[in-house]
Each structure stands twice: as C-alpha cells, then as structure tokens.
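>>> Pasting the sequence and the predicted model now:
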Amino acid sequence: MEIRVELTKNPKPKPDSDSLGFGRYFSDHMFIMDYSVDKGWHDPRIVPYGPIPYEPSIMVFHYGQSVFEGLKAYRTDSGQVVLFRPEENMKRLNASCDRLCIPLIDEEFALEALKKLINIDIDWVPSGKGTSLYIRPFVIATDPFLGVRPSYTYQFIIITGPVGAYYKEGLNPVRIYVEPNYVRAVIGGLGESKASANYAASLKAQEAAKEKGYTQVLWLDGIEKKYVEEVGTMNVFFVIGDEVVTPALNGSILPGITRKSCIELLRHWGFKVSERKISIEEVYQANEKGLLREAFGTGTAAVISPIGELYWNDEKIVLSGGRIGELSQKLYDNLTGIQYAKIPDPFNWVVKV
Ligand code: COI
C-alpha cells in the first residue's frame, strides 16, 4: 500500500530539550489508516498533527474498544535515529487487537509506516541526555453505533512527541504504595493486553496513592490480593539474595518489552532470573531476613525505575537505603547504552529508521 503524504504548512516551534517532561508535546505529523469490513485496512496517510472530527456516537467513546503501544526513537551521538525492538511492539499490538476483537494490522507495514513518519519528523527527535521521541500507535473503534458489539470500522493512528523522564524522580527511587483494595486486572480479563481500559481501571488507586505521597501503586493479583503483579505502568523485579524474581506472565500481567529485555540481559550476564509467583508477604519476609537487596520497575516510558520504599499493611520498608540499587543502575546503563548506540548491541535490538 502506498502511504500518501500531506506535509504541514505550519511547522510548530520545538520545545526546549531540558523541559520536556512526558507526553506534553506532539510532532508536526501523524499517521492514520482506516479499516472497514469491505476494504480491510486502507488509505494509509501521513498528515499534519491536529484534531480529528468524530461523531459523539463512535463506539470507542462508549465501550472503550481501544488498544495502544508505546515505543521510543533515540538519537545517537552520531546523530542517527534508531528504534528499540519495534517489531515486538507491533507483535504485541496485534495480540491486543486480537483480544479486543480489532482486525489485525500487517506488522511489517505498520513498522514501515512508523519509520516513514519518524523520518518526516526527524527533527523532532531530541538530542538532550535521557530524551527521546515517544511513539504512540493506537487503534480505536469508529462505528457511530451504540449497540454492544465489535465495531465494523477502526482507525489506526500513530502520534509522536519528544519526551524526557516519565517520573519527575528520573532514575531516583520512587515510593510505592501496595494497593490493598482495587485491582488492575484478573486472569481472563484484559490485563495482558495493552488496552486503554486497563489504564482507566488504574486511576482511582493511583490517585489515592498520590494523595498519600506515593508515586505509584503496586498491584496485587485480582483474586487473592496476595501475589505481586505489576507496579503502576511498569513490570516489577525484586533482587532476593542471588535470585532476580519477576512475576510470571500469568495472563493478567502486561508482557513488557523492557521486562523481556531485562530478563535477557540478566541471563546473558549469568544472573539467575526466576519468572514465578511472588507474594507481597515473601517480599516483606525477604526484607526482614536482610535478603531483599533491591526492587525496580521496568517500562518503555520509565525505562528502569528503582523502588526506594514500599508501603503495605501499615508497614513501610525502605529498599537499598532509599538509593539506586546496583543492579537497577547496571540495567539502566546497559539498556540505555544499547538504545543510544553507546555500547555494542549483542542482541541486534536496535533498528535504524
Ligand atoms: C510505556 O511504558 O510506554 C507505556 O505505555 C506506559 C504508559 C502508559 C506511559
């Protein structure tokens, strides 16, 4: 399929590289492709970024039939722009589409479209330390219809924008509240999909945690509220003695690409990594025995986010003396080192745009 291109006549000024924050600025162009039952995915186009008129009746507004992805483009020291494992995002996008009854998208074509969009907005890829171009592909149901069924029409859209750190803490440890009441997902639900609805479900607990002075919540399983699932918008790892533990992908946990990359890096370095069930009680007991060496979250937006404090059951524990753990730092240095092409990429994770 030919991608039609309409360039903006009003390019926007670019924000300062040191005041980007996360998710506030958007590049000049966006990619859009439509789906209908008779035509399949069609009319791929890159057009100026801007409002899209929709009827208030379109299904995504009412029933949340929507999935998304998050990945980044990095500017290397030589000025080249690269992506990190983008094919994994496209694969997961389709897994999410499948779960939400959204027609699948040709992954190779989506990647080609993404690269074309980034090349058009290449000047939007920032070069400041720790900055990148965040890429948000998403799909929405666009039938103007109020009955509950899968939509017959969709739009696949990719927007991008320059970002800095996701958390104001950057690589400094975050304080985490273990959520005792609300749950993010249950097995059989949407938890392992990157469905917009999962993020809507997380807001109430997230706000309550914030009010108590915590950055994020740690989610426990939806049935027994006993086993660790994820933390905020990230997967979670604990270093207990000489074992690195992360909850196994049980169906309600998002299969993070940063999670997968950390596991692969850690195993490559010879660490023992266990993907298994881990209860919050075990985490606290390990801490009591002096075995809990550190904990951290992993995600595209946040990269590696060390956990400095956990609060559960009226009990607060401080990890790694509230400082960045050794392994968190090593993973951060190596992951970002590979992403910004500062160090060799033994797994061929990095892709030129
Ligand atoms: C990401 O890490 O890219 C995510 O998609 C999380 C997000 C909701 C900011």
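Good, I have the coordinates.
>>> residues from the stretch 1-150 of the chain in reach of the ligand?
For the stretch 1-150 of the chain, the contact set with the ligand under C-beta under 6 Å from any ligand atom comprises Gly70. In this view, the C-beta of every residue, glycine as well, is placed from N, C-alpha and C.
>>> who touches the residue in the chain that the ligand sits nearest to in this structure?
Of the residues in the chain, the one nearest the ligand is Gly70, at a distance of 2.4 Å by C-beta to the nearest ligand atom. Residues near Gly70 by C-beta atoms under 8 Å, 6 or more residues apart in numbering: Asn89, Tyr134, Ile135, Arg136, Lys194, Thr300, Ala301.
>>> How many residues are close by the closest residue to Glu243 other than its chain neighbours?
If the residues on either side of it in the chain are set aside, Glu243 comes closest to Lys272, at 5.2 Å by C-beta to C-beta, 6 or more residues apart in numbering. By other C-beta atoms under 10 Å, 11 other residues sit near Lys272.
>>> Need the buried ones from the contacts of Gly70 selected in PyMOL.
Here is the PyMOL command that picks out the buried ones among these, judged by 16 or more other C-beta atoms under 10 Å:
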select buried, resi 89+134+135+136+194+300+301
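>>> Just name the closest of the contacts of Gly70 to Ala208, please.
Distances from Ala208 to the contacts of Gly70, taken as C-beta to C-beta, are shortest for Ala301 (21.5 Å).
>>> correct me, but that closest one touches Phe22?
Yes - counting by C-beta atoms under 8 Å, Ala301 touches Phe22, with 6.5 Å between them.
>>> Overlap in contacts, the two.
With C-beta under 8 Å, 6+ apart as the test, Ala301 and Phe22 both reach Tyr134, Val163, Tyr166.
>>> what separates the second one from Leu71, distance-wise?
Here the criterion is C-beta to C-beta, to the nearest Å. By it, Val163 lies 12 Å from Leu71.
>>> Between those two, which is the more surrounded one?
More crowded of Val163 and Leu71, by other C-beta under 10 Å: Leu71, with 24 against 21.
>>> The more buried one touches Lys91, doesn't it?
No - Leu71 is beyond contact range of Lys91, at 11.8 Å (criterion: C-beta under 8 Å).
>>> residues making contact with the lengthiest helix in the chain?
Ordering each helix of the chain by length in residues (DSSP state H) puts helix 196-211 first. Contact partners of helix 196-211, identified using C-beta under 8 Å, 6+ apart, comprise 64, 66-68, 138, 177, 179, 181-182, 184-185, 190-191, 215-217, 219, 232-233, 254.
>>> what's the answer for stretch 109-118, then?
The contact list for stretch 109-118, computed with C-beta under 8 Å, 6+ apart, reads 1, 3, 5, 29-31, 33, 44, 46, 73, 81, 83, 86-87, 90, 93, 125, 133, 135, 137, 156, 158, 160, 353.
>>> So which of those are in helices?
Pro86, Glu87, Met90, Leu93.
>>> Can you report how many residues lie near Leu171?
Neighbour tally, Leu171, other C-beta under 10 Å: 20.
>>> Name all residues that make contact with Tyr340.
Tyr340 touches Tyr74, Arg75, Thr76, Asp77, counting by C-beta under 8 Å, 6+ apart.
>>> Looking at the ones in helices among the contacts of stretch 109-118, which is nearest Ile280?
Checking these against Ile280 by C-beta to C-beta gives Leu93 as the nearest, at 31.3 Å.
>>> so what pLDDT did Tyr340 get?
On pLDDT, Tyr340 comes in at 95.
>>> That one and Asp77: what is the separation?
As for Tyr340, its distance to Asp77 is 7 Å (criterion: C-beta to C-beta).
>>> Check whether Gly308 sits in a helix, strand or coil.
strand (DSSP: H, G, I helix; E, B strand; the rest coil).
>>> so what's it up against?
Shown in contact with Gly308 (C-beta under 8 Å, 6+ apart): Asn172, Pro173, Val174, Arg175, Val318, Leu319, Ser320, Gly322, Arg323.
>>> The same query, at a cut-off of 10 Å, please.
Residues near Gly308 by C-beta atoms under 10 Å, 6 or more residues apart in numbering: 169, 172-176, 215, 294-296, 318-325.
>>> of those residues, buried ones?
Buried among those by 16+ other C-beta under 10 Å: Pro173, Val174, Arg175, Ile176, Thr215, Glu294, Ala295, Phe296, Leu319, Ser320, Ile324, Gly325.
>>> Doesn't the fourth one belong to a strand?
Yes - checked against three-state DSSP, Ile176 lies within a strand.
>>> just the helices in this structure please.
Counting by DSSP H, the helices of the chain are 59-63, 86-99, 107-120, 196-211, 257-268, 280-288, 326-339.
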